[in-house]
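K.L.:
Structure for the following, please:
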Amino acid sequence: MKTKTLPFAKEFITDSKGHITKIIMDFDDYQRFLDWVEDEGLVLAMNEVENEASMSLEKALNELEKK
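P.N.:
Residues are numbered from 1 along each chain as shown. Below you'll find the model as predicted:
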């Protein structure tokens, strides 16, 4: 991975072959990164069920209990 694709990283820790194994970043940047990952996951989940019919909370809970 190219370091230019990791603008939030302050430092890189590499193995003996020069491959990045860890990064050091500011905690605030880390929090923003986590928020972005969660938002992306939510968007993907919403897109996945976009064409499904909605159901009541009671029916949804019953469906979950079946699994």
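K.L.:
what are the phi and psi angles of the nearest residue to Lys10 once chain neighbours are set aside?
P.N.:
Closest residue in space to Lys10, ignoring its immediate chain neighbours: Ile24 at 5.1 Å, by CB to CB, 6 or more residues apart in numbering. Glycine gets a C-beta too; all of them are placed from N, C-alpha and C. Note on Ile24: backbone dihedrals following degrees, to the nearest 10 are phi -120, psi 130.
K.L.:
try Glu11
P.N.:
Residue torsions, per degrees, to the nearest 10, at Glu11 are phi -140, psi 160.
K.L.:
and if you look at the one 10 residues further on?
P.N.:
Per-residue torsions, Thr21: phi -110, psi -20 (degrees, to the nearest 10).
K.L.:
how far away is the residue nearest to Lys10 from Phe33?
P.N.:
13 Å (CB to CB, to the nearest Å).
K.L.:
List the contacts of Glu63.
P.N.:
Neighbour list for Glu63: Met55 [criterion: CB atoms under 8 Å, 6 or more residues apart in numbering].
K.L.:
hang on, it in a strand?
P.N.:
No: under the criterion used here (DSSP: H, G, I helix; E, B strand; the rest coil), Glu63 is helix, not part of a strand.
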